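Q: the sequence isn't on hand, but the structure is:
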């Protein structure tokens, strides 16, 4: 019989791996934002890359969460990383909206 409530906080290395993954995805989104901010601000394509990278990173972290859970590993940190990246993606959705508005609505 398994205990579904037990969250396996005692797995060394799972937090570090999830935190490193999150930092890499955020850095990649930051580079995409720099290309948008210092380039053509009317380019919706370059603006949409920021939430796309965060969304794909969040989905990747949640897939890793499922795989760790099935392997009975430390999945809690990966779930937190996935939800954090998806929350950041929601805030980053304002970037393509502003690029669309700056480009002129006709």
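A: Received, thanks. Values in this document were obtained by computation on a predicted structure and should not be read as measured data. Numbering: from 1, shown residues only.
Q: every contact and neighbour count from this point should use C-alpha atoms.
A: OK.
Q: and the helix or strand bottoming out on mean pLDDT in the chain, what does it pack against?
A: None of the helices or strands of the chain scores lower by mean pLDDT, DSSP states H and E than helix 94-102, at a mean of 85. Helix 94-102 is packed against helix 44-70, with contacts defined by 3 or more C-alpha pairs under 8 Å, 6 or more residues apart in numbering; DSSP states H and E.
Q: next structured bit after the helix it packs on?
A: helix 76-92 (DSSP states H and E).
Q: contacts for stretch 55-73, please.
A: Residues from elsewhere that reach stretch 55-73 (C-alpha atoms under 8 Å, 6 or more residues apart in numbering): 8, 11, 18, 22, 25, 74-76, 78-79, 81-86, 89.
Q: list buried residues within those.
A: 18, 22, 25, 74-76, 78-79, 81-86, 89 (16 or more other C-alpha atoms under 10 Å).
Q: excluding chain neighbours, what is closest to the residue nearest the centre of the chain?
A: The C-alpha lying nearest the average C-alpha coordinate of the chain belongs to residue 85 (C-alpha atoms, centre = their mean; 2.9 Å). Leaving out its chain neighbours, the residue that sits closest to residue 85 by C-alpha to C-alpha, 6 or more residues apart in numbering is residue 58, at 4.8 Å.
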